[in-house]
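Asks: What would the 3D arrangement of this be:
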Amino acid sequence: MSHLGEPVYSTPSRIRERRRGYWFFFLMVPLVALMSQVYVPLFVTSLAYLDLPLLVTLHTALTRRSPVMGLLYGCGVGLLQDALSNRPLGMYGIVKTLTGFFAANISMRVDVDNSMVRFLTSLTLYFFHQFFYWVLARALLGQQLEFELATSLLFAVLNAAVAVPLFQLLDRI
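Replies: Predicted structure coming up:
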């Protein structure tokens with residue numbers, strides 16, 4: 001209920017505070033994820049399988065529940081990841097764009113606040129991400145990459161296991 005002197009369309013202060021912090025989250029979290037993607041494997045080689053930019057893209061697409069937002073966010077994160085890697089520019093951009101779009105579409109149809117649903121969604125979309133990158137590398141670049149099903153599934157499970165606590169941490173930020 002609103003008071004007589006308060007306009008009906010005013011924004012509560014907690015929502016204004018949340019919007020103010022959103023831009024920080026929107027810009028800084030992917031940059032931290034991208035920097036950790038570049039520098040963490042240099043010091044801890046066993047964490048090279050971890051794709052934090054993808055997990056941040058999935059979290060944003062799943063929580064915002066907007067296909068356009070997931071598409072644009074995935075595109076931006078993917079292109080930044082391409083710029084920081086030695087791979088051809090646009091490959092991660094295309095793949096993360098599609099992954100963000102599909103994650104947002106899934107979140108519109110399924111309640112993704114459950115940890116098990118987040119685990120399965122992250123597992124499936126990580127596997128899709130790897131498979132689609134393999135398809136694009138073979139089709140667009142003519143590279144003869146091998147798609148190792150067992151390794152991709154193992155990395156998908158490991159990334160999904162990291163995604164659940166990471167998503168809970170990002171929800172609290």
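Asks: Can you pull out the low-pLDDT segments for this protein?
Replies: Applying pLDDT under 70 to the chain flags the ranges 1-21.
Asks: mind checking the longest helix of it?
Replies: helix 13-43 (DSSP state H).
Asks: now for that one, which elements pack on it?
Replies: Under the contact criterion of 3 or more CB pairs under 8 Å, 6 or more residues apart in numbering; DSSP states H and E, helix 13-43 touches helix 52-64, helix 67-84. The C-beta positions use only the backbone N, C-alpha and C, and glycine is treated the same way.
Asks: ok, and which of those helices has the densest surroundings?
Replies: Highest mean neighbour count of these: helix 52-64, a mean of 25 (counted as mean count of other CB atoms under 10 Å).
Asks: circling back: mind putting the helices and strands packed on helix 13-43 into CSV with distance to Ala160?
Replies: Listed next are the helices and strands packed on helix 13-43 as CSV, based on distance: least, CB to CB, whole Å:
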stretch, distance to Ala160
helix 52-64, 9
helix 67-84, 18
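Asks: Which of these sits closest to Tyr22?
Replies: Nearest to Tyr22 among these is helix 52-64; the distance by CB to CB comes to 9.9 Å.
Asks: residues touching Leu153, list them.
Replies: By CB atoms under 8 Å, 6 or more residues apart in numbering, the contact set of Leu153 is Phe127.
Asks: separation between it and Arg118?
Replies: Distance of Leu153 to Arg118, computed by CB to CB, to the nearest Å: 18 Å.
Asks: Give me the buried positions along the helix or strand encompassing Leu153.
Replies: Element membership for Leu153, per DSSP states H and E: helix 149-172. Of the residues in helix 149-172, those buried by neighbour count under the rule 16 or more other CB atoms under 10 Å are Ser152, Phe155, Ala156, Leu158, Asn159, Ala160, Val162, Ala163, Leu166, Phe167, Leu170.
Asks: of all these, which comes closest to Thr60?
Replies: Nearest to Thr60 among these, with distances taken as CB to CB, is Leu170, at 8.4 Å.
Asks: quick one, what contacts the residue nearest to the closest one when sequence neighbours are not counted?
Replies: Nearest non-adjacent residue to Leu170, counting by CB to CB, 6 or more residues apart in numbering: His59, 5.1 Å away. His59 makes contact with Ala163, Leu166, Phe167, Leu170, according to CB under 8 Å, 6+ apart.
Asks: list the contacts for the first one?
Replies: It refers to Ala163. With CB under 8 Å, 6+ apart, Ala163 has these contacts: Leu55, Leu58, His59, Arg118, Phe119, Ser122.
Asks: Which two among these are spaced furthest apart?
Replies: Among the contacts of Ala163, the pair separated by the greatest distance (CB to CB) is His59 and Phe119, at 12.9 Å.
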